[in-house]
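>>> I'll drop the sequence and a predicted model, then ask my questions.
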Amino acid sequence: MKTAARIFLAGCMLVFFAGCEDAHKAAREKGDILAGEKKELQYQLEQCNTENDILKKQVEVLAGIKQDVRFENLYHIQSVKLTKHTGFYDKNKDGKKESLIVYLQPMDEQGDIVKATGAADVELWDLNKKDGEAMLGKWRVEPNELKTLWFTTFLAINYRLTFDVADKVEELKEPLTVKVIFTDYLTGKVFNEQAVVKP
């Protein structure tokens, strides 16, 4: 009887110590996870403090410049221009011009081309058709997309907007009109420009 009790007691102690070992291992793993999270939070705090210092310096600089002077010295759009390269192109060389490419240049007070923040509404018109059928297509390019369309070459700087017109223009026999409405997000001014595109 005593032997059975000892075996039972020994078994209980083994289960107890095994449970303690498992609990200890789980606690160690949780401690490692918490240590890793603490390290990540410390890194994020350091990043926030660095960004905060940079922003404080910017505020100090901006506070020293009069607001009206800051605004006056920004580039202000005075007009927009469609370049002579605006037209239809055969992108896949199949003999059909299925792409309309609009080359748009925002101009400042000095007549220089500037990369302006804004939105562009583009319309394609066939003015020889009846009123209800004259507009062939309409597209809107939002600011987040427009800023990716800035295009520079050795000879030109402009926004290059490309539109698929395969389902809108069957044959290019007559001149079509491209109209652009550019909304400058800095001043809220709206600029209109149009050009006739020959086949």
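Received it, and whenever you're ready, just let me know what you need.

>>> number of nearby residues for E171?
8 (other C-beta atoms under 10 Å). Where you see a C-beta, it was placed from the backbone N, CA and C, and this is true even at glycine.

>>> Look at it and give its secondary structure.
Look at E171: counting by DSSP: H, G, I helix; E, B strand; the rest coil, its state is coil.

>>> Then Y103?
Recorded secondary structure, Y103: strand (three-state DSSP).

>>> Next: E145.
At E145, secondary structure determined by three-state DSSP is helix.

>>> could you measure it against R28, distance?
Distance, E145 to R28, by C-beta to C-beta, to the nearest Å: 52 Å.

>>> ditto for K96
As defined by C-beta to C-beta, K96 lies at a distance of 70 Å from R28.

>>> Which of these two has more residues huddled nearby?
K96 (15 against 10).

>>> could you list every residue that touches the more buried one?
Taking C-beta atoms under 8 Å, 6 or more residues apart in numbering as the criterion, K96 is in contact with D90, A166.

>>> So what does it look like in phi/psi?
Main-chain dihedrals, K96, degrees, to the nearest 10: phi -120, psi 130.

>>> F163 is in what secondary structure piece?
When elements are assigned from DSSP states H and E, F163 belongs to strand 157-164.

>>> State the mean pLDDT of whichever helix or strand comes after that strand.
Tracing the chain C-terminally past strand 157-164 and defining elements by DSSP H and E, one meets strand 176-184 next. Within the predicted structure, the mean pLDDT of strand 176-184 is 95.
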